[in-house]
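> here you go, sequence then predicted model.
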Amino acid sequence: MMTADKEKRRAISREAARKRRRVESDVFQDLSRLLPLQSTVRAQLDKPSIIRLAVSYIRMHTLLKGNATKEVTHTVKYGRVAQAGAEQQKCDERCDEQKEKENVKVLEETNMYLRILEGFLMVLSIEGDMVFLSDNVSKYIGLMQTELMGHSIFEFTHPCDHEEIRNNLRVTAGEVWCSAKRDMVIRIKSALTRRARSTNLKSALWKVLHCQGCVKVCGSPSSVPCLLLTCQPLPLSHTLLSTYTFTSQHTMDMRFTYCDQRVTLLLGYSPDELLGRSIYHLCHTLDTNCLTKYHLNLCLKSQSVSGQYRMLVKGGGYVWVESHSAVIPSVRPSRSRRCTNQPLCILCVTYVLSGVEEPLLQLSLDQAIHRYLR
C-alpha cells in the first residue's frame, strides 16, 4: 500500500515537473519571437542567450524612447508663446542659440554615423556591457551580433587595454550634459583568420579597433548614460590614395627612413631632407600630446591612428593631417636566420586634410632658415 502511494506521488510530481518545463519552454518561445531577429537565428538561441538578448533590447528600447521623450519635451518647451516686448526677444535669442548648438551636434553625429561605412556601431553601458552592436560586426571580427550583445566588453578585449576602456567609461555630470567625445584604440578578439576564414573563439586572434563616439543619455541628465561608438578595424583601407596622401617608413622612435615624392608637393620638403629626422620635429608644439598618445598606442598595439594634428610646412605655416600606421614585424626566423623578435619598421600613410594655414607664421627655427635661404 505504501509503495503504491509513493509511486502515485512520484507520478504526480513528474507530471507537475513536465508541466512546469512546458510552460517555461512556451514562455521562452514567446520571448524569443519578440526579439527583432531572423527566425533562423532565433532557432539557434538557448535560454540564457534569449534572456541576455532580451535584456539588451529592453535597455536599447529605453535609450531610444528616452531620446524621443527628450526631443518632444524640448519642442514643447520652446514652442510656447512667450511674453511680448523684451522677454520675447530674449526668448528668441535663447531659442536661436539652442538651435545652433543642436545643429552642430546633429552634424557631428551625422559624421560619426558615416564612419560606420568602414566599421560597425557599438553601444556600451558605463559598466562595460555591450548593449547593442550593428549586425555587420561579423564582417569585421567574425563573431555574430547575438554572440556579443549583453556580454561585457572586458570578456573580449585584451587585458592590457582594460584600464584605457575603464577610463573612457568614467562619465562625469558635465560630460553627460555636453555629450563629451571618446576616442580610443583597443584590441578585441577576432574569429577571422588572415585569409578571412572563420575559426572558433579559442583560436581567436586580436583585431585592433579605433573607437570614436560620444556620451549619450536616456531622457534626462539624471538618467544612466552610455557610450555610442563607431568602431573601425585597423589598418583602414588605403585604396583611396590621392595627391593629398603620402606614405613613409620610420624607425620605432619615429625617425624617417623613407618618404615618397608626394611630400614635396604637400609640405615642401624633399624626401632626402626628411631622412633621419623625427616626425616630432614636424609636429606643431600644441599637438605633441596627441602625437605621443598615437605613438604609444602604435608601440603597444602594433596599429594605430593619430587623429587630426598639425604638421609644419617648409618655409612657414602648417597643414592639418591624420596618420594611419602599423608596425611591420621582422622576417620570420629560418635555419639560416636567428629570430631577433624585433620589429622591422613603422609604415605610415598620412592624409593631408587642409591647405596651408598661417603661411607667414614661423613656428620653428627650421622654417625660419628655409625662408631666409629662399
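Everything's here; your move.
> Ser304: neighbouring residues, count only.
26 (other Cβ atoms under 10 Å). Heads up, the C-betas are built off the backbone N, CA and C, glycines and all.
> that one: which element?
According to DSSP states H and E, Ser304 maps onto strand 303-312.
> quick one: list the elements packing against that strand.
strand 181-190, strand 205-217, helix 288-301, strand 318-329 (3 or more Cβ pairs under 8 Å, 6 or more residues apart in numbering; DSSP states H and E).
> I'd guessed Cys290 sits against Val305; true?
No - with contacts counted by Cβ atoms under 8 Å, Cys290 stays clear of Val305, the gap being 11.2 Å.
> pick out whichever of these two has more residues nearby.
Taking neighbours as other Cβ under 10 Å, Cys290 and Val305 compare with Val305 leading, 21 against 17.
> what about the strand holding Ser304, distance to the chain center?
Chain-centre distance of strand 303-312: 16 Å, with Cα atoms, centre = their mean, to the nearest Å.
> buried ones in it, by neighbour count?
303-307, 309-312 (16 or more other Cβ atoms under 10 Å).
> any figure for the gap between His61 and Ser138?
23 Å (Cβ to Cβ, to the nearest Å).
> okay, helices next: where are they in the stretch 151-300 of the chain?
Taking DSSP state H, counting those that start in this stretch as the criterion, the stretch 151-300 of the chain contains helices spanning 162-169, 173-177, 262-267, 271-274, 288-301.
> which stretch among those comes nearest Met122?
Met122 lies closest, by Cβ to Cβ, to one member of the helices of the stretch 151-300 of the chain: helix 162-169, at 11.7 Å.
> tell me what angle the closest one forms with strand 181-190.
140 degrees (axes from the mean of the first three to the mean of the last three Cα atoms, to 10 degrees).
> and helix 162-169, what does it pack onto?
strand 181-190.
> and the strand it packs on, what's buried?
Counting neighbours by 16+ other Cβ under 10 Å, strand 181-190 gives 182, 184-190 as buried.
> any chance of those residues in a markdown table, plus pLDDT and distance to Gly128?
As requested, the buried residues of strand 181-190 are exported to a markdown table (pLDDT from 0 to 100; distance: Cβ to Cβ, whole Å):
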| residue | pLDDT | distance to Gly128 |
| --- | --- | --- |
| Arg182 | 88 | 13 |
| Met184 | 89 | 13 |
| Val185 | 89 | 17 |
| Ile186 | 90 | 12 |
| Arg187 | 90 | 15 |
| Ile188 | 91 | 13 |
| Lys189 | 89 | 15 |
| Ser190 | 86 | 19 |
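> where does the prediction get shaky in the stretch 51-200 of the chain?
65-117, 193-200 (pLDDT under 70).
> how about a cut-off of 50?
68-85 (pLDDT under 50).
> mind giving me the domain split of this protein?
42-77+93-233, 245-373 (automatic domain parsing).
> dump these to CSV, plus distance to Arg22.
CSV is the format used below for those (distance: least, Cβ to Cβ, whole Å):
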stretch, distance to Arg22
domain 42-77+93-233, 14
domain 245-373, 51
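> report the contact partners of the closest residue to Leu169 other than its chain neighbours.
In this structure, Leu169 finds its nearest non-sequential neighbour in Ile126, 5.2 Å apart by Cβ to Cβ, 6 or more residues apart in numbering. Counting by Cβ atoms under 8 Å, 6 or more residues apart in numbering, Ile126 touches 169-171, 224-227.
> go through the helices and strands packed on strand 303-312 and find the least confident stretch.
Least confident of those, judged by mean pLDDT, is strand 205-217 with a mean of 85.
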